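Visitor: missing the sequence, but the structure's below:
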């Protein structure tokens, strides 16, 4: 396998498990690139397999495609990224995932007490949110949103 090989849509689909429509979508979003041969058939550089795999991993982790696009904008489009570039990508996403983990842990903690929704339906709301003071600070789960910004 030569890194300069070009793969057809079918070959990329077989290798990645991604549908043709998803490949076109990723291409339209600028996440991957393809060339056209004389018959107007899409041909993908072999290193696009790595980008597609990273997109799939990001999806599993709940990382938005906008974040993927931002990261991909810092990587070479015409060649496979270096090990250092991949490490930089993983460090960036690690920080995002750590923030998400803290948010979920805070949500778990808040769900065992009052989440500050202003509902006044729990007995503790009268103590935790007297006279619906949280309602004046915003809509929704105010305490949770405030904690996530910290």
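Guide: Okay, I see it. Given the structure is predicted, the values throughout are model-derived calculations rather than measurements.

Visitor: quick one, strands of the protein?
Guide: 6-8, 35-36, 42-45 (DSSP state E).

Visitor: Tell me the strands beside the longest one, with direction?
Guide: Right, the one you point to is strand 42-45. strand 6-8 (antiparallel), strand 35-36 (antiparallel) (DSSP bridges).

Visitor: can you list contacts of that strand?
Guide: 4-9, 12, 23, 27, 32-37, 78 (Cβ atoms under 8 Å, 6 or more residues apart in numbering). C-beta: built from backbone N, CA, C; applies to glycine.

Visitor: And that strand, what's buried?
Guide: 42-45 (16 or more other Cβ atoms under 10 Å).

Visitor: And the first one, by the same measure?
Guide: Judged by neighbour count using 16+ other Cβ under 10 Å, the buried positions of strand 6-8 are 6-7.

Visitor: likewise stretch 36-56?
Guide: 42-49, 51-52, 54-55.

Visitor: between those residues, which is nearest residue 87?
Guide: Nearest to residue 87, judged by Cβ to Cβ, of these is residue 54 at 12.8 Å.

Visitor: Would you reformat the strands paired with strand 42-45 as CSV and include mean pLDDT and distance to residue 62?
Guide: Formatted as CSV, these follow (pLDDT from 0 to 100; distance: least, Cβ to Cβ, whole Å):
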stretch, mean pLDDT, distance to residue 62
strand 6-8, 94, 28
strand 35-36, 92, 32
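
Visitor: closest one to residue 146 among the ones you listed?
Guide: strand 6-8 (48.9 Å).

Visitor: sorry, back to before: got CSV for the strands of the chain, with distance to residue 147 too?
Guide: Listed next are the strands of the chain as CSV, based on distance: least, Cβ to Cβ, whole Å:
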stretch, distance to residue 147
strand 6-8, 47
strand 35-36, 49
strand 42-45, 44
